[in-house]
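Q: Need coordinates for the following:
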Amino acid sequence: MPSRRVAVVLGLLAALVFGVAPVNRLRAARESRPDFADGPAKGRQSFDAKPLNASADAARAFAYTPRGGTVLPSGAPQLRSMGSTRIAAASDTTPIAPIEPLDTAPANAIIRASWTLAALLADARMKHTATVLGDGRVLVAGGFSYTPFGPLASAEIYDPVGAAWSTTTSLAVPRTEHTATFLLDGRVLVAGGVNDSGFVATAEIYDPVTALWTAAGAMVSPRQGPTATLLADGHVLIAGGYDGSSFSASAELYDPQTNTWAATGSMTTPRLNHAAALLPDGRVLVTGGQGNGGPGLYLDTTEAYEPVTGQWTAVASMSSPRAFHAMVTLPNGKAAVTGGSVGQGSANDLPLLNSVELFDPTIDQWQVGPPMQITRASHSAAVLTNGLMLVAGGSTGPDVGHQQPALPAEVYDSASNLWTAADALSVGSADQTLSPVAGGGALLVGGFANALATPTARAERFLLSQSATPTITWPTPADIVYGTALGATQLNATAGVSGTFTYSPAEGTVLPAGNAQRLSVTFTPSDAATYSETNASVFVNILKATPAITWSRPAAILYGTSLDRTQLNATANVPGTFFYSPPPGTILPIGAARPLSALFTPADPANYATATASVTIDVTSVGPPAQPPFQLLHSFTYSDGAYSAAPLVQANDTFFYGTTSGGGPSGAGTVFRMDAAGTVTTLHAFNYTDGASPYAGLFQASDGFFYGTTAFGGPFGVGTVYRMDTAGAVTMLHGFSYSDGASPRAGLIQATDGFFYGTTNYSGPSGYGTVYRMDADGAVTTLHGFSYADGAYPSSRLIQAIDGFFYGTTYLGGPSGAGTVFRMDSAGNVTTLHGFAFGDGAYPSAGLTQASDGFFYGTTSFAGPNGAGTTYRMDATGALTTLHAFANTDGATPYAGLVQATDGFYGTTSGGGASRAGTVYRMDAAGNVTTVHAFTYSDGAAPYATPIQGSDGYLYGTTQSGGPQGVGTVFRVTLHAVRPVVSASQLFVFPATGVFGGTTTLVATLTSTGVPVFGRTVSFALNGQAAGTATTDANGFAFLGNVTLAGIDAGTYPGAVAASFAGDVSNLPSSATADLVVSKRTPSIFWDYPRPIMYGTPLGATQLNASADVPGTFSYTPAAGTILPVGAQQTLSVTFTPAAGLVNDTTASAQRPIDVTSASDTQPTLRVIHQFAGSDGATPYAGLIQASDRFFYGTTAYGGANGYGTVYRADGAGTVTTLHAFTAADGAYPYA
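A: Numbering: from 1, shown residues only. Next up, the predicted model:
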């Protein structure tokens, strides 16, 4: 024998026996091809199949090669396949995600699975290839043999019909570790490999019609152990392998039309002993293998080849490194990786795996599959013609050179996600081939079985028989409310054959509230000989029930009567707690239909939702209250200003600041300051150059400066924006120039983003006015130009509401030309909420006020039922209600808006009233208007501005004309003759409860004069420490959740819950306290499910091994030493008592089932330790992790309190605690 041949052969032998690099237990690519005839079986042994495990079910889908639409050549029956098979591996660690639920019926049940010996090969061989031909025969070519010793050139064909082998012409070049690919035209391409002469670059093609081999074009590179995959367009992709010096990352394509090879994009990682599979989308997935860096470098990376671009892209890695694994594409389109070696330890101690991972090409992610019964590597996998995956042969290690036992085969059904055990092979086998044949069978050929890695001539046939599985139809039930028992409306599955349905949960069961709760059914056919038992499931949403609250309207009470159970007496149909707003003890002010609200928290919050109810109560007095007095504070003299049309503002220094639109030294208007006594100081007089006619008022920004606008003057004569300090120094920030708007009659606001926002009365892009944004340096951006259709000539100041949007009005335009109310986001997108139509008012000059009830209030200056203007209320959607129509006697033409004071809304009319000079009026939330003052010209006339309430409780405002000089006044109105409310706000906080080490929710209610206060900040403290803040809702409730109780021992703490309201310009500060009750904690018990024991084994530390997260003692039932009888699911119980001194922990208990088997029962048992019920989560796509605290953590994609998924913690016993339920606002549907 030539020395070169000796070297190669010795290298091959060393690789086979010791697993050394570079050959490293080399093996050939296995080609799996379905759809062929079966032959007679001899010496068949039967086996009653047993399911090995159960998990969530997987959806079914089929991907074919050739693809649909391919025109096949004429001739023998053509092949459709699911890609090629290579030896591959999986991991024993937790993969990324479990399989999705079943959405089609499972495959027929396996009732018998067996092997029978087939005829012997002419040549013993291993590391060969086996290819199913178009007529169903199997072509075996090449490989390695000991007789003759070395790589083979011989080829043989197995005929399943005749169950016999026949020789065919030999390859021109002997080879092993090569590839064989069935081409679309029915021929077989053999490429690469290794032989005595070295690494092979040649390729040959076998024609089944002529039974001859012909030379194909030479490959770009020689390679041993690559993968070969038939692409949808008929090209063959060769990737990776060993080129004689290193593992290769290169890839090349064979074109059958030109009989040539061409290089294509290289993989990102060199690989040998990897696996490849064709995905349904036409890509080729390559997984794992060994990388350059020595025999121990096993890869967990995967990548996909895109034939359109010719490039490789890295995709999600497997959960651990692996090589010598098997991978096939399943009927559902997923690629399944089974078994293999993780490559840890020495060269002769490579841990093997039984785990399964599934690659989903629709999301390019790996998911966990149910594990095989045994670990194996260098095995074979094939998808049979019935869609099942067969795994057979392989090494159980620790090394491929060891003796191979006769391993049982296993069958996987991707539809039901179940493995089924089958018979063992007659002898052990590794490095064999496995090919599907018709009828759901398979042919296993060659391989080796002993420690010397001696190739065998053995072949075995796999035979499978199945029963038909009935199809179950079960429509998804409609949502039901907690308390509804399951019945025929939900449990209504049907089948195509007769039989019995057994439902779980059973009819009459009342499920807890929660989304995506599983209903399962087992169907037992009447004809058990023909049909198999099958299962199905659907999901139903159980909605929380809404408690029914009964609350009659209380009788009227006299002013001074505090609220108590006589009025606050709501009841509910389930146990729970009522929280009232205003709370008990409140003294309501005089008035009709004062609102009372109740929040009901059920004792069973998992199944019942919180509920609210409201009534009204009348508060009466002996006589009507006195009219508030009026006081004239200042009369303008023209020299100090004239015609004030702007509202005042009270600054941080408590002074009032305002503007006059005329008068002053230049007649162009002024800015003034006034104290509470009416002393006026002119701070600035406009001179046209820096602006003129400031119709708008000032506001004090966060930087302490005042900002305002003038309607005229400035560089272009059409108005300015200016800044002023408290001394009156004015800086012009911007001069309008028509194109960006003109004549701003409205003041500015500062939004939460720090920018200033305002409107111009006309001009801009369409000439009808604009909305603009300005920074502190005066840079103006036009956000919106009105087009008349959406409004025209805005003259009012914007507001930024609680929802963050801006709201305002336009004087004209809109559908009827009578003005509009609009909403705008910070980007300038405007939505018309309401167009006035004269009947409900017209020409709104004033802006809006958002009141404590969350509604918007405003006025129109004309029209309405009496033609004299209106007041209205509007919600955030634009639904508008006219509250009051002025009738001249009570006022007319309200150019001013409304302000919410401590005892109601106040506003002014510019005309009407007793002297037709205008009025000051008060209005309640129902629209009842009371004239507070009618102007007489001598004390002022034509008030255009909205009044404000000062910090002293008085109402302040201006008139445009009247007074001694006829050019306007400043006035003050006293509300109810004294400060309206002694305590402007009442805060009530409710007792809080929780478990030691857990969290609690703090609840308070804020009212003012008995009316809920909306949008105010309440600060909470717990046990003397700040806990956080919350904002009151429309009913005055403030909620602060997830407040930690860490460090607070179990017990009752009087006054430990504190709430405070800091007060504002409308409400005085208030505070309240309540008790905190902390319950003892139940310790977590960790207790792994015990393995089955054989009868006669006494219970001991192996089974009774619970632990807890705190010290203590365990008491077991049955006790240690007990010998249990034979039987399944027998109960072990434990009671845990915390150690002395653990005053915050209470006793805990747990149970575990155990199986006691006879000596003949050796099947493994799968334990379900927790089944999600929807209320605690549903559909956990993500796997678990174990943290340092020994708990397991994970997520569910659905279910939980809000239906958007959960984060949960579980102990080893399966006790699950929901840590967080997603609300959509903070995230939804976690998949990882």
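Q: which residues does the nearest residue to residue 213 once chain neighbours are set aside contact?
A: The shortest distance from residue 213 to any non-neighbouring residue, by CB to CB, 6 or more residues apart in numbering, is to residue 204 (4.8 Å). Just so you know, the C-beta spots here come from the backbone N, C-alpha and C atoms, and that holds for glycine as well. Counting by CB atoms under 8 Å, 6 or more residues apart in numbering, residue 204 touches 171, 172, 173, 189, 190, 191, 213, 214, 215, 216.
Q: The second one: how many residues sit nearby?
A: Right, residue 172. 13 (other CB atoms under 10 Å).
Q: Tell me if I'm right that residue 688 and residue 668 touch.
A: Yes. Residue 688 lies in contact with residue 668 (CB atoms under 8 Å); the separation is 5.3 Å.
Q: Identify the contacts common to those two.
A: Overlap of the contact sets of residue 688 and residue 668 (by CB under 8 Å, 6+ apart) consists of 712, 713.
Q: just to revisit the earlier point, my read is the residue nearest to residue 213 is in a strand, agree?
A: Yes. Residue 204 forms part of a strand when assessed by DSSP: H, G, I helix; E, B strand; the rest coil.
Q: Return a PyMOL selection command for the buried portion of the contacts of residue 204.
A: In PyMOL, a selection of the buried entries from those looks like this (16 or more other CB atoms under 10 Å):
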select buried, resi 171+173+189+190+191+213+216
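Q: Low-confidence regions, the stretch 601-750 of the chain specifically.
A: Where the stretch 601-750 of the chain drops to pLDDT under 70, the residues are 622-628.
Q: now the helices for this structure?
A: 3-18 (DSSP state H).
Q: how's it carved up into domains?
A: When the chain is parsed into structural domains using automatic domain parsing, the resulting residue ranges are 3-47+83-467, 472-543, 549-623+982-1074, 836-978, 1085-1157, 1169-1232.
Q: Average pLDDT for the second one, rounded please.
A: Just to be clear, that refers to domain 472-543. Mean pLDDT, domain 472-543: 90.
Q: Show the end-to-end separation of it, please.
A: From its first residue to its last, domain 472-543 covers 27 Å (CA to CA, to the nearest Å).
Q: Is it correct that residue 392 is in contact with residue 376?
A: No. Between residue 392 and residue 376 there is no contact under CB under 8 Å: 9.1 Å.
Q: These two: who's more crowded?
A: Between residue 392 and residue 376, counting by other CB under 10 Å, residue 376 is the more crowded of the two (30 against 27).
Q: Quick check: that one vs residue 352, distance?
A: 6 Å (CB to CB, to the nearest Å).
Q: Please identify every residue contacting each of those two.
A: Common neighbours of residue 376 and residue 352 (CB under 8 Å, 6+ apart) are 339, 395, 396.
Q: count of neighbours near the last one?
A: Residues near residue 396, counting by other CB under 10 Å, number 19.
Q: Pull up the per-residue confidence for it.
A: The per-residue pLDDT of residue 396 was computed as 74.
Q: I'd say it and residue 376 touch.
A: Yes. Between residue 396 and residue 376 a contact is recorded at 6.1 Å, counting by CB under 8 Å.
Q: In stretch 421-431, which residues are buried?
A: Under 16+ other CB under 10 Å, the buried positions of stretch 421-431 are 421, 422, 423, 424, 425, 427, 428, 429, 430, 431.
Q: roughly how far out does that stretch sit from the chain middle?
A: 46 Å (CA atoms, centre = their mean, to the nearest Å).
Q: Can you give me the end-to-end span of it?
A: End to end - CA to CA - stretch 421-431 spans 21 Å.
Q: average pLDDT for it?
A: When pLDDT is averaged along stretch 421-431, the result is 83.
Q: likewise stretch 351-367?
A: Rounded mean pLDDT across stretch 351-367 is 92.
Q: Stretch 247-259 now?
A: Taken as a whole, stretch 247-259 carries a mean pLDDT of 96.
Q: ok, and for that stretch, which residues are buried?
A: Of the residues in stretch 247-259, those buried (16+ other CB under 10 Å) are 247, 248, 249, 250, 251, 252, 253, 254, 256.
Q: what's the closest non-adjacent residue to the first one?
A: Spelled out, it's residue 247. residue 270 is the one closest to residue 247 (CB to CB, 6+ apart), at 4.1 Å.
Q: For that neighbour, give me its contacts.
A: Taking CB under 8 Å, 6+ apart as the test, what residue 270 contacts is 240, 246, 247, 248, 249, 291, 292.
Q: Likewise for residue 732?
A: Here residue 732 is in contact with 690, 691, 714, 720, 721, 722 (criterion: CB under 8 Å, 6+ apart).
Q: same thing but at 6 Å, please
A: 690, 720, 722 (CB atoms under 6 Å, 6 or more residues apart in numbering).
Q: Among those residues, which are located in strands?
A: 720, 722 (DSSP state E).
Q: Select from the contacts of residue 732 the one having the most neighbours.
A: residue 720 (28 neighbours).
Q: Could you pull up the residues touching it?
A: Contacts of residue 720 by CB under 6 Å, 6+ apart are 691, 710, 714, 732, 735.
Q: re the thing from before, wait, which of the domains of the chain is closest to residue 702?
A: With CB to CB, the closest approach to residue 702 among these belongs to domain 549-623+982-1074: 15.8 Å.
Q: For that closest one, what is the distance to the chain centroid?
A: Offset of domain 549-623+982-1074 from its chain centre (CA atoms, centre = their mean): 33 Å.
Q: thinking residue 511 is in contact with residue 541, fair?
A: No. Using CB atoms under 6 Å, residue 511 is not in contact with residue 541, being 10.0 Å away.
Q: Closest one to residue 1029 out of the contacts of residue 204, please.
A: Residue 1029 lies nearest to residue 191 out of these, by CB to CB, at 71.9 Å.
Q: Quick check: bridge partners of that closest one?
A: residue 179, residue 203 (DSSP bridges).
Q: And the pLDDT for residue 1065?
A: Per-residue pLDDT puts residue 1065 at 65.
Q: now that we have the contacts of residue 720, which one has the most neighbours?
A: Going by other CB under 10 Å, residue 710 tops the contacts of residue 720 with 30 neighbours.
Q: can you pull the contacts of the nearest residue to that residue once chain neighbours are set aside?
A: Leaving out its chain neighbours, the residue that sits closest to residue 710 by CB to CB, 6+ apart is residue 691, at 3.2 Å. The contact partners of residue 691, taken as CB under 6 Å, 6+ apart, are 710, 713, 714, 720.
Q: same thing with residue 1083?
A: 1108, 1109, 1110, 1145, 1148.
Q: would you list those residues in JSON lines and tack on pLDDT and neighbour count?
A: Below are these laid out as JSON lines (pLDDT from 0 to 100; neighbours: other CB atoms under 10 Å):
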{"residue": "1108", "pLDDT": "90", "neighbour count": "22"}
{"residue": "1109", "pLDDT": "88", "neighbour count": "16"}
{"residue": "1110", "pLDDT": "91", "neighbour count": "14"}
{"residue": "1145", "pLDDT": "92", "neighbour count": "23"}
{"residue": "1148", "pLDDT": "90", "neighbour count": "22"}
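Q: Thank you, goodbye.
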